[in-house]
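**Student:** Structural data only, the sequence is not supplied:
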C-alpha cells in the first residue's frame with residue numbers, strides 16, 4: 001500500500017525560515033510542496049520519509065531565498081493490483097459503491113464487481129447481497145474489505161485555458177482506485193467474522 005519513491009528537486013528556503021535548522025527548513029519545504037498531492041504514475045504523496053542528500057545553499061539574486069538541491073524519499077500511497085484494502089463505505093449509487101480510507105477517498109467498486117445476487121435498494125440507497133433469502137446490506141460507514149483491480153490517472157492540466165476545461169479538471173480526481181468484492185472474504189467485514 002505504501003511505497004518509498006526517490007526524488008531529486010530544488011528547494012527554496014525563505015529568509016523568514018533562516019532561524020530553523022537547515023534540515024528542518026528543508027523538510028518543511030518538501031512536505032509543503034508534496035504532502036497530500038498526487039504525482040502522476042507515482043501515487044498520493046503522504047510525507048517525506050528521509051533526506052538522502054542536500055547541496056550547499058545558494059542565495060538567489062533579488063529574492064534572498066536560499067536554493068538547495070536535494071535528494072529525498074517520499075512515502076507514497078499506491079496500492080498494487082491484487083492488494084486487499086480496508087475502507088469504509090462512503091456512499092452507494094446504482095453504478096456501485098464508493099469507499100474511503102482515513103486519507104484517501106477515491107476508491108470505487110462497480111456493481112459488476114459485487115457478488116452474484118446483489119441488487120441496489122433505491123429506498124435505502126444501499127446495495128444488498130441476498131443469501132438464502134436473507135438480505136445483507138452494504139451500509140454507509142460499514143468497514144469493508146476489497147481487492148484492488150485497477151487504477152486511473154487523470155492529468156490535471158486542462159487541454160485549454162477555457163473556463164469549462166478548468167472546471168472539468170477540478171472535478172476529476174488526479175488518481176483513483178477501482179476495487180472488487182467478488183471473492184470470498186471480501187465485502188463487509190462483519191459478514192466474515
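**Tutor:** Right, received. Where do you want to start? Predicted model, so just to flag it, every value in this text is computed and none were measured.
**Student:** Low-confidence ranges, this structure, go.
**Tutor:** For the chain, the stretches with pLDDT under 70 are 156-170.
**Student:** tell me the SS of the closest residue to residue 17 other than its chain neighbours?
**Tutor:** Spatially, and ignoring its direct neighbours in sequence, residue 17 is nearest to residue 25 (4.6 Å; C-beta to C-beta, 6 or more residues apart in numbering). C-beta coordinates here come from the backbone N, C-alpha and C atoms, glycine included. Here residue 25 takes the helix state, with states given by DSSP: H, G, I helix; E, B strand; the rest coil.
**Student:** any idea how far residue 57 is from residue 25?
**Tutor:** 10 Å (C-beta to C-beta, to the nearest Å).
**Student:** any common contacting residues for the two?
**Tutor:** Each of residue 13 lies in contact with both residue 25 and residue 57 under the rule C-beta atoms under 8 Å, 6 or more residues apart in numbering.
**Student:** what about residue 135, how many neighbours?
**Tutor:** 12 (other C-beta atoms under 10 Å).
**Student:** surely it meets residue 128?
**Tutor:** Yes - here residue 135 lies in contact with residue 128, judged by C-beta atoms under 8 Å, at a distance of 4.6 Å.
**Student:** Identify the residue nearest residue 51 in space, chain neighbours excluded?
**Tutor:** Ranked by C-beta to C-beta, 6+ apart and with sequence neighbours excluded, the top spatial neighbour of residue 51 is residue 72, at 4.9 Å.
**Student:** Tell me if the one you found really is in a strand.
**Tutor:** Yes - under three-state DSSP, residue 72 falls within a strand.
**Student:** Isn't it up against residue 45?
**Tutor:** No - taking C-beta under 8 Å as the definition, residue 72 is not a contact partner of residue 45, at 11.2 Å.
**Student:** Buried residues, stretch 138-147. List them.
**Tutor:** Neighbour counts over stretch 138-147 (16 or more other C-beta atoms under 10 Å) mark 138, 142, 144, 145, 146, 147 as buried.
**Student:** Identify the residue spatially nearest to the last one, adjacent ones excluded.
**Tutor:** Spelled out, that is residue 147. Take residue 147 and drop its neighbours on the chain: the residue closest to it by C-beta to C-beta, 6+ apart is residue 180, 4.9 Å away.
**Student:** Return the residues in contact with that neighbour.
**Tutor:** Taking C-beta under 8 Å, 6+ apart as the test, what residue 180 contacts is 109, 113, 146, 147, 149, 186.
**Student:** Check those residues and tell me the two furthest apart.
**Tutor:** Across the contacts of residue 180, the longest distance by C-beta to C-beta is 11.1 Å; it joins 149 and 186.
**Student:** out of the two, which sits in the more crowded spot?
**Tutor:** Neighbour comparison, residue 149 and residue 186: the larger count goes to residue 186, with 22 against 16 (by other C-beta under 10 Å).
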